[in-house]
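**Q** Dropping a prediction and its sequence here:
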Amino acid sequence: MKKIQFEKMPKTYRKGSTIFIISMLIISLLWFAVFYVGVNFNSILMAFKTVVGVTDNGEAIFEYSLKNYEILWNELTAEGDTLIKISIRNTLKYFALNFFVTIPITYFVSYFLYKKIFLHKFLRVLFYVPSIVSSVAMVIIFKNMIGGFGPLDNLMSWITGAEMPAVPAFLSNPEYATNTILFYTFWTGFGVNIVLFQGAMGRIPEEVIEASKIDGVNWWQELFHVITPMVWPTISMSLIVAMTGIFMSSGPILLFATGEDTYTLSYYIFSQVRDSGIFYYPASMGVFFTAISMPIVFLFRFIMDKLDPKIEY
């Protein structure tokens, strides 16, 4: 089929296409201006606001200062384990789990599913199910699995004769609660990445794979020297997206309803707004950690672009 050149189209069609393109651009620009620029600009302003008094009409009197950042700095540099330090530590645990464990393992699993191992269709559905089932339902299922009278309780009773409490000790004990939620996050975190990686691998020409087999490569060499360079843009995108959440990585803390020992930074910011109804200090935390993460993300993206083999097919 011949490609129709824009210059050879009738004037009425060219005029109509121009109006259509401008209309679509206006809608996108308005959406961006209102729901991104407007919201984030207001958030940045709030980060520098502090309440200094109240008018006779009950309206708050504001002043712009760095007081919110002074409070934040004092919390970060205070001795001992403050709540924000606990939140940052837990957040980095979720980030490390996703970046260094979940994504690499998901990539390996995607490769073996791509190679059509035994029960590959069933396994593909099994890994993706947690992504389409309600989070509330998945948390309830998980709690019942590790709680009293659940499968884990029955197994432990059979092995040791001990019984697990009705309230899961793994969640009620601060020593184990965060690690338990981390395990849940890992257990339910395969779905989306498997779809992305398998979609990228499915686009690889079969002739390339057949040629590598003729050259005598084993599965390890095929994965890292043939497939990985060809799906690098997808791998790079997944890692960059994960890196953007370095300070916002979190698990379903609200659904598990555990104590302060399981707080993450995003949940800590949410709790500040929920408990006090004041947005100014939480907004300053958002701006502060965004300012730290931005250069990290851009540097990481630069590194990933340099590592890109730039293979086209």
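**A** Received the coordinates, thanks.

**Q** how close does I240 sit to F300?
**A** 7 Å (CB to CB, to the nearest Å). Every C-beta, even on glycine, is put in place using the N, C-alpha and C of the backbone.

**Q** which phi and psi does K49 have?
**A** The phi/psi pair for K49 (degrees, to the nearest 10) reads phi -90, psi 140.

**Q** For it, give its distance to Y281.
**A** 10 Å.

**Q** buried ones in the lengthiest helix in the chain?
**A** Taking DSSP state H as the criterion, the chain has its longest helix at helix 280-307. Across helix 280-307, burial judged by 16 or more other CB atoms under 10 Å covers 280-290, 293, 297, 300-301, 304.

**Q** same thing with stretch 74-85?
**A** So, applying 16+ other CB under 10 Å, buried residues of stretch 74-85: I84.

**Q** what's the average pLDDT for that stretch?
**A** For stretch 74-85, the mean per-residue pLDDT is 92.

**Q** what residues does it touch?
**A** 72, 260, 263, 265, 268, 285 (CB atoms under 8 Å, 6 or more residues apart in numbering).

**Q** coming back round to it: what is in contact with K49 and Y281 at once?
**A** With CB under 8 Å, 6+ apart as the test, K49 and Y281 both reach N68.

**Q** Point out where the stretch 151-300 of the chain drops to low pLDDT.
**A** Across the stretch 151-300 of the chain, the ranges flagged by pLDDT under 70 are 162-169.

**Q** Just the strands from it, written as ranges.
**A** For the stretch 151-300 of the chain, no strands are identified by DSSP state E, counting those that start in this stretch.

**Q** a helix runs through K116, doesn't it?
**A** No. Secondary structure of K116 (DSSP: H, G, I helix; E, B strand; the rest coil): coil, not part of a helix.

**Q** What number of residues are in the vicinity of it?
**A** 9 (other CB atoms under 10 Å).

**Q** please renumber so the chain begins at 13
**A** Happy to do that; since the first residue is 13 now, the last one works out to K128.
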